[in-house]
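**Q** turn this into a model:
(2 chains)
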Amino acid sequence: MTTTPEDLRTDQTPLAPGAPRSGTTFLGLPTAPRGVGHLRGDRSFPDAARDALRDGQLRANLGHATTTIRGKRARVVAELPDWAQLRAAGSALKTATMARLDEHLEELERQVTARGGTVHWARDAAEANRIVTELVQATGSDEVVKVKSMATQEIGLNEALEAAGITAHETDLAELIVQLGDDKPSHILVPAIHKNRAEIREIFLRTMPQFQGEGADRDLPDEPRRLAMAARAHLRERFLRARVAISGANFAVAETGTLAVVESEGNGRMCLTLPETLITVMGIEKLVPTWRDLEVFLQLLPRSSTGERMNPYTSTWAGVTPGDGPQDFHLVLLDNGRTAVLADEVGRQALHCIRCSACLNVCPVYERTGGHSYGSVYPGPIGAILSPQLTGVEDNASLPYASSLCGACYDVCPVAIDIPSVLVHLRAEHVEAQEKPTAESVAFRALATAMSHPRLWRLAQRAASLGRLLSRGKPTMPNALPFPASAWTRSRDLPTPPAETFTSQWAREHGGRK
Amino acid sequence: MRVALFATCLVDTVVPQVARATAALLERLGHEVVVPSGQACCGQMHVNTGYRREAVPIVANHLRAFAGAEAIVSPSGSCVASIHHQQAMVLRRAGEHALADEAEALAARTYELSQFLVDVLGVTDVGAYYPHRVTYHPTCHSLRLLKVGDRPLQLLRAVRGLELVELPGAESCCGFGGTFSVKNADTSTAMLTDKMANVLSTHAEVCTAGDASCLMHIGGGLSRLRSGTRTVHLAEILASTEDAVTPHQTTRPAVTA
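**A** Modelled structure (predicted):
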């Protein structure tokens, strides 16, 4: 938590010209709209987490997966002697890019257009869904193949396409598992992290056409290789038929109009090269100014996400190339609350995220509660700061509190996002937005008054000691505290305050000595 | 050296023996200990729960209480981390720039106990005697914010009679997190359960740490299990000598529900 608001303050916040210097969110900028997309859950984090905590299989799956990937990441990061410098470079590049985001986006638009692509600007999820739906409809196709993309998950694109009679086929293996299982992703990198191979086998047998009907072979063991082969057979047919593909983007290079997707399976590359039309939906924060900037991020990302030295497939494309690959390319630039995030001088560093998911894999809260508890498509520590900012903190008010502030997320973040400080900042935004006093705010304000007046504080301490005298011999006090502190004493004993505080005893024994 | 002791609100009120042990240890090492009477709280709990504005007068009180102190020592990694990383930020945000400068200057003179002993006083053997099997939990804020590193382990290794055993999964959070343990009680309990299993797997008699709050949490859980393993603050172990073994009271509830 060494970053101060002063470090983050830049003199140029072009997309937020009215952003006040005090740092409070500039209310004039729209947040992500309600009723569309997947940034809000139905329940608060503690409620959703309670169910997840009861699911022993889920905890076992998650614990196993995160422990494995944590170890892999630590090993490959330790190989690089200049990791700290790379991390600082990644952070600095992001800060500098955000400070002139408008210029870089305009440059990107010029370059994409010059290379035969078309750029669309989408204010929010509803607008982006409408643009993409119309583009697909214009091709006459009623189905699309998709490259794994967080942006399209965020806006609920699949559901919007479905409403228009268009079927979207996810092609990333884990996204496919989630889609076929009629489930939701629970991890940024490994959307099906909460499923084990027996559960995956069951989903495949139940939903893949090759296992249905008379004479179909139902012999599918839960070996990872055989499961992957089944998915491959299922997907191949879709790749060869597809006329339209939809992707996200890991990076966009402003100076050349280049889009980049990094992946492990090659399914994304099939989508990016085989269809006639390619539509990319990209959050406006994903761009880097120059081709050379990729050098830093293509080292940081794979080591932090999959624990690999380099990701197996890096695909880049700029506009269209006659006779090679898609002949019609559209880039949809998505805001959906990002400009509002950019206006907050402390919170804006959440936009530096390169979606590696290292913070999820080290988070003790994520490890036990899983991704669904966070309600949004962005789970874990980064989700706890990104989702409330995109929606406005009141729509995701429990997320900034879904952390013990242990700081493990900040330690592993490849672009050094100070997640604990942003969490604390968002808690304050939430408290300060409350119009009516709550029981908690009354208690905290009273305690603050006592703690800033030594005489009052001594009286309050004496009251705590009085509690001890009252409790003597009675097991109900103060170990069983009233609500909400009873939540604590349900599983822990509270020490009984002693008769005399240290400072009072010291003053008594040392008399006039201060 | 003349050392001002910041007991912290929790230690002062709930586990005063930790502050007594800190004072005794520093005096035994030949230093003069003063306890400024106006001290109350560093403001961390308010800042971390979102009461940033309310923390301003608390921090101002802290600055008043320790204004003249040459060196300030506290037996709490998380409170010292708050003094280093939050106090000035909270004041600057409230427009109190002069006070924020003061807070930065005060933070530069404020030390967590193990850092003070090893870095400032240059001692790792404090002459302690503690004949018990002990495991050490490096609390999150000591570990990641203050970066105390292996200083507490250096100190523990020099304690006569003490058998130090490594804690599996030492670097994972115990689940306390201040009001996190109330607002997300079930998740906190799940984290605590794993931490306790790791502590018990060491067969240590004592789990120690540099933070009374985390120890209160872990100790409260262990007490509920009737495990026999107890939590004792690092300061109490270091204050223990063959002549005067500190009684083991830390975070051990007098009453159990």
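**Q** and residue 229, how many neighbours does it have?
**A** If you meant another chain, say so; for now it's chain A. By other C-beta atoms under 10 Å in any protein chain shown, 12 other residues sit near A:Met229. (Each C-beta comes from the backbone N, C-alpha and C, glycine too.)
**Q** meant chain B actually
**A** For B:Thr229, using other C-beta under 10 Å, the count is 20.
**Q** once you drop chain neighbours, what's closest to it?
**A** B:Leu222 (5.4 Å; C-beta to C-beta, 6 or more residues apart in numbering or on different chains).
**Q** roughly how far does that neighbour sit from B:Val232?
**A** 11 Å (C-beta to C-beta, to the nearest Å).
**Q** who touches both of the two?
**A** Residues touching both B:Leu222 and B:Val232 comprise B:Cys207, with contact defined as C-beta atoms under 8 Å, 6 or more residues apart in numbering or on different chains.
**Q** secondary structure class of A:His430, three-state.
**A** helix (DSSP: H, G, I helix; E, B strand; the rest coil).
**Q** give the burial count for it, as a bare number.
**A** So A:His430, with other C-beta under 10 Å, has 19 neighbours.
**Q** now do the same contact list for residue 51.
**A** All of this refers to chain A. A:Ser373.
**Q** meant chain B, my bad for not saying
**A** By C-beta under 8 Å, 6+ apart, the neighbours of B:Tyr51 are A:428, A:431, A:441, A:444-445, A:448.
**Q** could I get these as TSV with pLDDT and neighbour count?
**A** Putting the contacts of B:Tyr51 into TSV (pLDDT from 0 to 100; neighbours: other C-beta atoms under 10 Å in any protein chain shown) gives the following:
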residue	pLDDT	neighbour count
A:Ala428	98	26
A:Val431	97	21
A:Ser441	94	16
A:Phe444	94	20
A:Arg445	95	15
A:Ala448	95	22
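**Q** what's the closest of these to B:Met45?
**A** A:Phe444 (8.3 Å; C-beta to C-beta).
**Q** phi, psi of that closest one?
**A** phi -70, psi -30 (degrees, to the nearest 10).
**Q** my guess is it contacts B:Glu54, does it?
**A** Yes - between A:Phe444 and B:Glu54 there is a contact at 5.9 Å, judged by C-beta atoms under 8 Å.
**Q** who touches both of the two?
**A** Common neighbours of A:Phe444 and B:Glu54 (C-beta under 8 Å, 6+ apart) are B:His46.
**Q** need the per-residue pLDDT for B:His248.
**A** Note on B:His248: pLDDT of 50.
**Q** ugh, wrong one, I meant A:Leu58
**A** The model's pLDDT for A:Leu58 equals 88.
**Q** against A:Ser186, how distant is it?
**A** 9 Å.
**Q** overlap in contacts of the two?
**A** Joint contacts of A:Leu58 and A:Ser186 (C-beta under 8 Å, 6+ apart) are A:194, A:370.
**Q** those two: which is more packed in?
**A** A:Ser186 (28 against 21).
**Q** what about the nearest residue to that one once chain neighbours are set aside, distance to chain B?
**A** Computed as C-beta to C-beta, 6+ apart, the closest residue to A:Ser186 that is not its neighbour in sequence is A:Gly371, at 3.1 Å. According to C-beta to the nearest C-beta, to the nearest Å, A:Gly371 stands 14 Å off from chain B.
**Q** can you pull the pLDDT of A:Gly371?
**A** 96.
**Q** repeat for the one 10 residues further on
**A** The confidence metric pLDDT takes the value 98 at A:Pro381.
**Q** wait, isn't it in contact with A:Tyr366?
**A** Yes - assessed by C-beta under 8 Å, A:Pro381 is found in contact with A:Tyr366 at 7.2 Å.
**Q** need the residues touching each of those two.
**A** With C-beta under 8 Å, 6+ apart as the test, A:Pro381 and A:Tyr366 both reach A:Leu360.
**Q** who has more neighbours, those two?
**A** Higher neighbour count among A:Pro381 and A:Tyr366: A:Pro381, with 32 against 29, using other C-beta under 10 Å.
**Q** name the nearest residue to that one, sequence neighbours excluded.
**A** A:Cys409 is the one closest to A:Pro381 (C-beta to C-beta, 6+ apart), at 3.7 Å.
**Q** please identify the buried residues of the helix or strand encompassing the one you found?
**A** For A:Cys409, the host element (DSSP states H and E) is helix A:408-412. Buried residues in helix A:408-412, defined by neighbour count with 16 or more other C-beta atoms under 10 Å in any protein chain shown: A:408-410, A:412.
**Q** can I get those in CSV with distance to A:Pro275 and pLDDT?
**A** Formatted as CSV, the buried residues of helix A:408-412 follow (distance: C-beta to C-beta, whole Å; pLDDT from 0 to 100):
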residue, distance to A:Pro275, pLDDT
A:Ala408, 41, 98
A:Cys409, 37, 98
A:Tyr410, 41, 98
A:Val412, 37, 97
